Each structure stands twice: as C-alpha cells, then as structure tokens.
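Trainee: no sequence for this one, just the structure:
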C-alpha cells in the first residue's frame, strides 16, 4: 500500500539526454486530507441519484397504464354532423363553380 503523509512535497524534474543533464525544475505538491472525503461524497451522491432514477423507473413501469392515460389522453374519433357537412358541401360547390368559371375565362383569354 502506498500512503503519503499529509505534508508538502518538493520534486525536482530534470531531463537527461545524450548531451547531458538539463536544468532542473522544482515542483511542489501538497497532499490534501479532504480529497478522500470529497471523492466519497461524490460517489455517495451518484449512488443516491442512480437509486432514485431506478426507483422512479420501477414505479413508472408498474403504473404504465395510469401514467400513459395522464400524459397522453386518448384522441377522440372525429364526428361530423349533418349540418356541418351540408354547410361545407354547399360552400365547396360554390367554390368549385367559381373556379370553373375562372378557368373558362382564363382559357378564353389565351
């Protein structure tokens, strides 16, 4: 097991090439005792979120019919009344007649 004490450590980094040793660079690293606690808290939060997600998925799956009717109610079948059909058929006949007359006028001009 590798364990460092909570302290500040200094490392010297140097490059070694065929031309020889280069100038060194010192790096200072501090070991923070709170890092372990942060990692544990992050994993605990992730575990709780995964559990809640799985629980909600389980409840939704068990009650799928109820959830489906609440979120997506049934679409009623369209019903056309006779009055609506009579009014619109008359309008369509008038429009057809106007379009026929207009096309005849345009043919006559050509």
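Mentor: Nice, I can see it. As the structure is a prediction and not an experimental result, all values here were calculated from the model.
Trainee: any low-confidence regions in the protein?
Mentor: 1-4, 80-95, 109-110 (pLDDT under 70).
Trainee: if you set the cut-off to 80 instead, what comes out?
Mentor: Low-confidence segments of the chain (pLDDT under 80): 1-7, 31-36, 73, 75-110.
Trainee: What segments of it are helices?
Mentor: Secondary structure of the chain, counting by DSSP state H: helices at 35-62, 64-71, 82-109.
Trainee: Which among these is found nearest to residue 29?
Mentor: With Cβ to Cβ as the criterion, residue 29 lies closest to helix 35-62 of the helices of the chain, at 12.0 Å. Just so you know, the C-beta spots here come from the backbone N, C-alpha and C atoms, and that holds for glycine as well.
Trainee: tilt between that closest one and helix 64-71?
Mentor: Here helix 35-62 points in a direction 90 degrees away from that of helix 64-71 (axes from the mean of the first three to the mean of the last three Cα atoms, to 10 degrees).
Trainee: mind checking how far helix 35-62 is from the chain centre?
Mentor: Offset of helix 35-62 from its chain centre (Cα atoms, centre = their mean, to the nearest Å): 19 Å.
Trainee: Equivalent analysis for stretch 58-76, please.
Mentor: Relative to its chain's centre, stretch 58-76 lies at 21 Å (Cα atoms, centre = their mean).
Trainee: For that stretch, measure first residue to last.
Mentor: Length of stretch 58-76, first residue to last, Cα to Cα, to the nearest Å: 30 Å.
Trainee: burial measure for the residue lying closest to residue 13 once chain neighbours are set aside, as a count.
Mentor: Nearest non-adjacent residue to residue 13, counting by Cβ to Cβ, 6 or more residues apart in numbering: residue 25, 5.1 Å away. Using other Cβ atoms under 10 Å, residue 25 has 10 neighbouring residues.
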